[in-house]
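**Q** Whatever this is, show me its structure:
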Amino acid sequence: MNKEDLSVLRQLMQHKEFDQVGMEGARKKPIHSYFEEQVRQSPERIALVDQDKQWTYAELDQRASRVAGYLMGHGVAENELIGIFVERSAEMIVSILAILKAGAAYMPIDADFPPDRITYMLEESGTRILLTQQHLMEKVCFTGAVIDVQTAEARGDEHAADRVNVSEQTLCYVIYTSGSTGKPKGVMISHKAVVNLLEGICERIDFSPGKSIIVLTTISFDIFVLETLIPLARGMTVVIANMAAYINPRVLNATLLKHHVDMLQGTPTRILQILQAGEHLEGFRRLSEIIIGGEHLAYSLVQRVREVTSAKIYNAYGPTEATVWATIKEMTTAEEVTIGTPLANTSVYIVDEQLKPLSAGDIGELCISGDSLAVGYLNNPELTDRKFVNGPFGEGQRLYLTGDIAKTLPNGEIVVLGRKDEQVKIRGHRVELKEVEHVMMQHPQLQEAAVIAVETPYGYKNLYAFFVAASSIEAGNVKEFLSRLLPAYMIPSYYHQVNGMPLTPNGKLDRLTLRKWAVNMEKPL
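**A** Reported below is the predicted structural model:
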């Protein structure tokens, strides 16, 4: 991040609306200091498990401190962004803690991202340091400093970070999400917001010392924070699921059983995949808490989970801009699906187009305010001003416009009904359909492109791509082209070449007709 970028970031973080948002609650210290408290209180407790290796809180802290010291030797500054490009491993957690200890903020990059997307994120963010692993270095085209995590750990001064003073206003991480302009956008989250998540979620779900949680999510998905930083701040054991467990439900269940995992978080799509393990569900059965979120949750899926386990079931809701989860509802015995009520120091409003609050039962846009809100979008003050507005409910209030359409029930719980734009959730990841269409149109033979999302009976969505070209093109050719430019979750499952796009009477794309066509598409590519 250059000096100009740092200046913009500091201005955003010093904005009076950011400082005045929220109520009493979040203590004025960074999230990793809670982990360090656990190190002092229970140094011999197991903090991290990666396959057959495990590390105590003291050992994990020492590893992270050494890497932090190495980073500080490279002149890392407060709020500086440092990229993390590592595979699912202990080094993933070590890197995050090290960056935070050094006073910097981490920017996660999924190891499976296409090279062009990785390059864009590194260049757009102004990142000058990338933490990675030796065998991944050839996959990155980067002019900055590329540091091997193991090398940093071997050479770093583990006491250097002791002199760093990180405040609650310091940036914690930047996560890039899908953008409607065809390019992803970076969401800036402060330590204050993550600490607020810690305090809010622990009031509703039992994150007790000694319990364990499995890391299923990819590092570039914001709910990864709930599987790593939050449990480590509470003295839990974090178990990393390897790629085999990530892909194969039977291997995952064996992992849950082997390591006596208590807590699991996943999207509805992921939970459904786990249930497909059939009779191999013993690990899933013994869970004590299951947190589901990131997509619409169908009641039929809740019923299927209840048939398998007696675990407490939670439906969580929240955009990246509100730091992972903003509301939660326990579904263990509930008779209908809602997203529940807001977490501590978070307020949710249903408003009309003039931002006036609506009565219970009236449908409008769901907006969020409170300590959980992001600082804004990196290097994009215009979008920040458009999505984070002055709220009409109190002086200095800051309101995030989610774009979700919802209503409040008489009991105060909230039901999300859909989107006001063309953004959808695919396996929990935010996807702007226009971004996928934009990339499709970069294909040299395509003349038109349209992408829609179609919901399955279990509530999750699949992407369907339609395209027009002057000559016949194999669908596999289009999919292969997209796979070079987009992450896997953004690549459509179904493809269909058409002679022309259907239009409504007023000349707009007729997406209703596309949905009818999608019903007749037999199988995914």
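**Q** What pairs with the host helix or strand of residue 131, parallel or antiparallel?
**A** In this assignment (DSSP states H and E), residue 131 forms part of strand 129-132. Partner strands and pairing direction for strand 129-132 (DSSP bridges) are strand 81-85 (parallel), strand 145-148 (parallel).
**Q** Could you say which of the ones you listed is packed most deeply?
**A** Of all those, strand 81-85 has the most neighbours on average by mean count of other CB atoms under 10 Å, namely a mean of 26. Where C-beta positions appear, they are placed from N, C-alpha and C, glycine not excepted.
**Q** can you dump the C-alpha coordinates of the helix or strand that that strand is followed by into CSV?
**A** Next helix or strand after strand 81-85 toward the C-terminus (DSSP H and E): helix 90-101. Output of helix 90-101 as CSV, limited to C-alpha atoms (Å, rounded to 0.1, in the frame of the first residue of the first chain):
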residue,chain,number,x,y,z
ALA,A,90,-0.8,-24.4,9.9
GLU,A,91,1.2,-21.8,8.0
MET,A,92,-2.2,-20.2,7.1
ILE,A,93,-2.9,-19.5,10.8
VAL,A,94,0.7,-18.6,11.7
SER,A,95,0.7,-16.0,8.8
ILE,A,96,-2.5,-14.3,10.0
LEU,A,97,-1.4,-14.0,13.6
ALA,A,98,2.1,-12.8,12.6
ILE,A,99,0.7,-10.0,10.4
LEU,A,100,-1.6,-8.8,13.1
LYS,A,101,1.2,-8.9,15.7
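**Q** quick one: average pLDDT of helix 90-101?
**A** Mean pLDDT, helix 90-101: 97.
**Q** Which pLDDT value does the model give residue 304?
**A** 92.
**Q** List the buried residues in the strand or helix carrying it.
**A** Assessed by DSSP H and E, residue 304 sits inside helix 299-308. By 16 or more other CB atoms under 10 Å, the buried positions in helix 299-308 come out as 301, 302, 305.
**Q** Run through who's touching it.
**A** 268, 271-272, 275, 281, 284-285, 290, 292, 311, 313, 315, 331-332, 334, 336-337, 457-459 (CB atoms under 8 Å, 6 or more residues apart in numbering).
**Q** what do you get if the cut-off is 7 Å, keeping everything else the same?
**A** 268, 271-272, 275, 281, 284-285, 290, 313, 331, 336-337, 458-459 (CB atoms under 7 Å, 6 or more residues apart in numbering).
**Q** so which of the strands paired with strand 129-132 gets nearest residue 162?
**A** Set against residue 162 and scored by CB to CB, the strands paired with strand 129-132 come closest in strand 81-85, at 19.1 Å.
**Q** Convert the closest one to CSV, retaining C-alpha atoms only.
**A** Extracted in CSV, the C-alpha atoms of strand 81-85 (Å, rounded to 0.1, in the frame of the first residue of the first chain):
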residue,chain,number,x,y,z
LEU,A,81,-1.6,-4.7,3.8
ILE,A,82,0.3,-7.9,3.5
GLY,A,83,-0.9,-10.7,1.2
ILE,A,84,-1.3,-14.3,2.3
PHE,A,85,-1.1,-16.9,-0.4
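**Q** Low-confidence regions, the stretch 401-525 of the chain specifically.
**A** For the stretch 401-525 of the chain, the stretches flagged by pLDDT under 70 are 504-508, 522-525.
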